[in-house]
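**Student:** no sequence on this one, just coordinates:
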């Protein structure tokens, strides 16, 4: 069984990959949101902006968790 430090490193690495995916999804949603706004789909664009806000909030929590794992 791996020691706690090895487990923390593996968990932090996995969370880092998820965070990178989350940033990529956020960037893609931003592009779609711009296109929607430019084409008059404001209601859908506003929903997409809410999704981006959720990604941003969760990114902060993931970053904090990764930092804590890497410090222990």
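**Tutor:** Nice, thanks for sending it over. These numbers come from a predicted model, not from an experiment.
**Student:** the protein: helices as residue ranges?
**Tutor:** Shown for the chain, the helices assigned by DSSP state H span residues 4-38, 42-71.
**Student:** center of this structure, which residue is that?
**Tutor:** The centroid of the chain falls nearest to residue 22 when counting by Cα atoms, centre = their mean (3.1 Å).
**Student:** mind checking how far it is from residue 60?
**Tutor:** 11 Å (Cβ to Cβ, to the nearest Å). Just so you know, the C-beta spots here come from the backbone N, C-alpha and C atoms, and that holds for glycine as well.
**Student:** now for these two: what residues contact both?
**Tutor:** Residues touching both residue 22 and residue 60 (Cβ atoms under 8 Å, 6 or more residues apart in numbering): none.
**Student:** where does this protein dip in pLDDT?
**Tutor:** 1-3 (pLDDT under 70).
**Student:** residue contacts, the residue lying closest to residue 56 once chain neighbours are set aside?
**Tutor:** Spatially, and ignoring its direct neighbours in sequence, residue 56 is nearest to residue 26 (7.1 Å; Cβ to Cβ, 6 or more residues apart in numbering). Shown in contact with residue 26 (Cβ under 8 Å, 6+ apart): 52, 55-56, 59.
**Student:** any of these buried? List them.
**Tutor:** By neighbour count, with 16 or more other Cβ atoms under 10 Å, the contacts of residue 26 hold residue 55 as buried.
**Student:** select, from the contacts of residue 26, the two members most distant in space.
**Tutor:** For the contacts of residue 26, with distances taken as Cβ to Cβ, the pair at the greatest spread is 52 and 59 (10.2 Å).
**Student:** could you count how many residues lie near residue 38?
**Tutor:** 9 (other Cβ atoms under 10 Å).
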